[in-house]
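Engineer: got a structure for you, letters missing:
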């Protein structure tokens, strides 16, 4: 049985889509963090966001069977969102 052009294209798409999405999110995270570079990371929820992003990314990745894709995306998104949220003073 021979594969059609569409089947081959979908196989390439399945491989390249996670790489493209991860690269776009990483570049966006760098620009966002660079914009707010004067913030002190210890006064934000960056570490907490990283941990939560890793957990949620791994959980979603397991459900879609793409562990190598979900975990890094979760880390980048969680760290970026956590960096943008300031901790309240007690």
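Structural biologist: That came through, no problem. Only a predicted model underlies this, so the values are computations on that prediction, with no experimental measurement involved.
Engineer: average pLDDT across whichever helix or strand residue 68 is part of?
Structural biologist: Assessed by DSSP states H and E, residue 68 sits inside helix 67-84. The pLDDT scores in helix 67-84 average 83.
Engineer: Can you give me the buried ones in that helix?
Structural biologist: 69-84 (16 or more other CB atoms under 10 Å). Using the backbone N, CA and C atoms, a C-beta is placed for each residue, glycine as well.
Engineer: now swap in stretch 4-13 and tell me
Structural biologist: Per 16+ other CB under 10 Å, stretch 4-13 contains no buried residues.
Engineer: Give the rounded mean pLDDT of it.
Structural biologist: 87.
Engineer: swap in stretch 28-48?
Structural biologist: In this model, stretch 28-48 has a mean pLDDT of 81.
Engineer: Not counting its own residues, what contacts that stretch?
Structural biologist: 76-77, 79-80, 82-87 (CB atoms under 8 Å, 6 or more residues apart in numbering).
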